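Chemist: sequence-free structure coming up:
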């Protein structure tokens, strides 16, 4: 039976590219038939990656069959996976996020989690010398994932390993990192086609802080103004999205990749309090700039206070 | 702050040896001060390993301090760890059991779980060429852990990797596997000093099957008769142990390492039903022999039915 390899429900570049990389490795090197699938529509940067490297867009998984063999990548959080994930035959987990708890397996399986910036970096280490047999498109996906998750090495999640591996891949592929990353980020920044609700849910994770449920959304962009121009309708949409998703509040951080700062939208006094207590910010008006803040994992979540 | 490395609450050979191996690796190779500790008294085979290789018995951990840096080996099950494990600063997990769910970490950490017979086998792979710097005692602990968890390659959990690595270590150390394993198993079989309740809890894990709580105990021995001679008082003691530990029933499997079979004690009709439904056994009297059954993980738990 073909193994389905997938990432989380809001497929960004790493959650689109890493399943493709791993399905290639399983199928072509390990001789185990495997297919990359998606749990949602990939974002614009992920689509750019697919186009640029001539990769076929994986199909979006419908219902996950009970007992189906799967490998989970780029998450270990049941909330970001199909509802019936624990009924699947989970064969492996490759991830770089904190252990959340909740996934269960029927027997011992291969699990590899490392505190690196990107799932693809861990895969590079696991694949080892066999990567020499990979087509350019697989190496290109790897490079794109690492540049995406590290924001071209600007994110504080970046490790020396991520950086060294990306540089090695770029050299091998003859890619100029600076201009390629600029193309990637331009693709990611083109969010004109998305509704406000879609923008709020695009790169979004739920967290409970002091009993409050937050949907913490991040938009990484090189053109923050195009998002901030929509702030009034985005703030209005937050109420509906929070209600529909059973959250108390949506927090939207617009991350300016080039200026290395985040702008938090402040629709009400509760978010104002969050900005002040979490980041020591002085809030005047309905937005606040948080200098140096780029990473939800390293800088936003660990500091969040109500 | 020194990292405490520990396995589960009923330290067998792997849960005693693997913390010692990893603490050596962290301290001597990675330059991170680390100490092996135990969560209980090691069993007689583990003590034999310490004596034979001149290893210092790790201290038994008292209270786990909140925020203390720890590495967990040979389990990922909170029930087999200190109650406040999720308040510790978990730095890593190395294990070969199924993912149970329940452990949570504050950030991304190093987690490595593989479907191999023994934690020490995974460590051998992770340590790589640095093992050349290990003293004989560390290599000896590794070999002992693998021979113990594989029952000298007889257990169906044994993989080609476990076997090849053990043979490599034995050659390097000049150890004759057959005679060394016989010494190990003789040490493990010497259970005369333990009370019935201690025997029932020595290598025991709790599982819920169809709403019933079982304490599934395994005694691996080359001298099954010495245990079976005590069967009447063992069956009597089961009632008290079950009551004290909040279980519905204790199941005791006496595994004959050399004959490669298990004898299940059958104190009542419920266990008789379990033996019949789980293993297709025909039960007459208060014991039943299960040919070929050696592994709780691979053969007992997956088949357990009420």
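Modeler: Great, that's in hand. In this text, all values refer to a predicted model and were calculated from it rather than measured experimentally.

Chemist: who's in contact with the one helix or strand residue A:70 maps to?
Modeler: For residue A:70, the enclosing helix or strand under DSSP states H and E is strand A:69-73. Residues from elsewhere that reach strand A:69-73, judged by CB atoms under 8 Å, 6 or more residues apart in numbering or on different chains: A:1-7, A:15, A:18-19, A:22, A:26, A:34, A:64, A:81, A:85, A:88-95, A:103, A:119, A:123. C-betas here are computed from N, CA, C, even on glycine.

Chemist: Which members of those are classed as buried?
Modeler: A:3-7, A:15, A:18-19, A:22, A:26, A:34, A:64, A:81, A:85, A:88-95, A:103, A:119, A:123 (16 or more other CB atoms under 10 Å in any protein chain shown).

Chemist: just the residues you listed that are near chain B?
Modeler: Checking the buried ones among the contacts of strand A:69-73 against chain B by CB under 8 Å from any CB of the partner chain, the ones in range are A:90, A:93, A:95, A:103.

Chemist: quick one: which of the contacts of strand A:69-73 sit in helices?
Modeler: A:15, A:18, A:19, A:22, A:119, A:123 (DSSP state H).

Chemist: would you turn these into CSV with pLDDT and distance to residue B:133?
Modeler: CSV is the format used below for the ones in helices among the contacts of strand A:69-73 (pLDDT from 0 to 100; distance: CB to CB, whole Å):
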residue, pLDDT, distance to residue B:133
A:15, 98, 39
A:18, 98, 34
A:19, 98, 38
A:22, 98, 33
A:119, 98, 32
A:123, 98, 29
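
Chemist: Which of the residues you listed sits closest to chain B?
Modeler: residue A:119 (10.9 Å; CB to the nearest CB).

Chemist: which residue packs closest to residue A:187, ignoring adjacent ones?
Modeler: residue A:48 (3.5 Å; CB to CB, 6 or more residues apart in numbering or on different chains).

Chemist: The one you found touches residue A:184, doesn't it?
Modeler: Yes - counting by CB atoms under 8 Å, residue A:48 touches residue A:184, with 6.1 Å between them.

Chemist: Break chain A down into its domains, please.
Modeler: Domain ranges of chain A: A:3-187, A:196-303, per automatic domain parsing.

Chemist: Ends of the last one, what's the gap?
Modeler: Chord length of domain A:196-303, first to last residue, is 26 Å (CA to CA, to the nearest Å).

Chemist: and that domain with chain B, contact?
Modeler: Yes - applying CB under 8 Å from any CB, one finds that domain A:196-303 is in contact with chain B at A:297, A:298, A:302.

Chemist: In the stretch 101-250 of chain A, what residue spans correspond to strands?
Modeler: Counting by DSSP state E, counting those that start in this stretch, the stretch 101-250 of chain A has strands at residues A:110-113, A:204-209, A:212-221, A:249-256.

Chemist: What is the third one packed up against?
Modeler: Secondary-structure packing of strand A:212-221 (3 or more CB pairs under 8 Å, 6 or more residues apart in numbering or on different chains; DSSP states H and E): helix A:177-189, helix A:196-202, strand A:204-209, helix A:231-245, strand A:249-256.

Chemist: If we use 10 Å, what do you get?
Modeler: helix A:177-189, helix A:196-202, strand A:204-209, helix A:224-228, helix A:231-245, strand A:249-256, strand A:261-265, helix A:269-279 (3 or more CB pairs under 10 Å, 6 or more residues apart in numbering or on different chains; DSSP states H and E).

Chemist: and among the ones you listed, the most buried is which?
Modeler: Across the helices and strands packed on strand A:212-221, averaging neighbours per residue (mean count of other CB atoms under 10 Å in any protein chain shown) puts strand A:249-256 on top, at a mean of 24.

Chemist: For it, which helices and strands make contact with it?
Modeler: helix A:196-202, strand A:204-209, strand A:212-221, helix A:224-228, helix A:231-245, strand A:261-265, helix A:269-279, strand A:287-291.

Chemist: List the residues that contact residue A:147.
Modeler: A:13, A:45, A:49, A:117-118, A:120, A:153, A:162, A:166, A:169-170, A:175, A:177, A:180-181, A:184-185 (CB atoms under 10 Å, 6 or more residues apart in numbering or on different chains).

Chemist: Try it again at 6 Å.
Modeler: Contacts for residue A:147 (CB atoms under 6 Å, 6 or more residues apart in numbering or on different chains) come out as residue A:181.

Chemist: Likewise for the one 5 residues further on?
Modeler: Under the criterion of CB under 6 Å, 6+ apart, the contact list for residue A:152 reads residue A:181.
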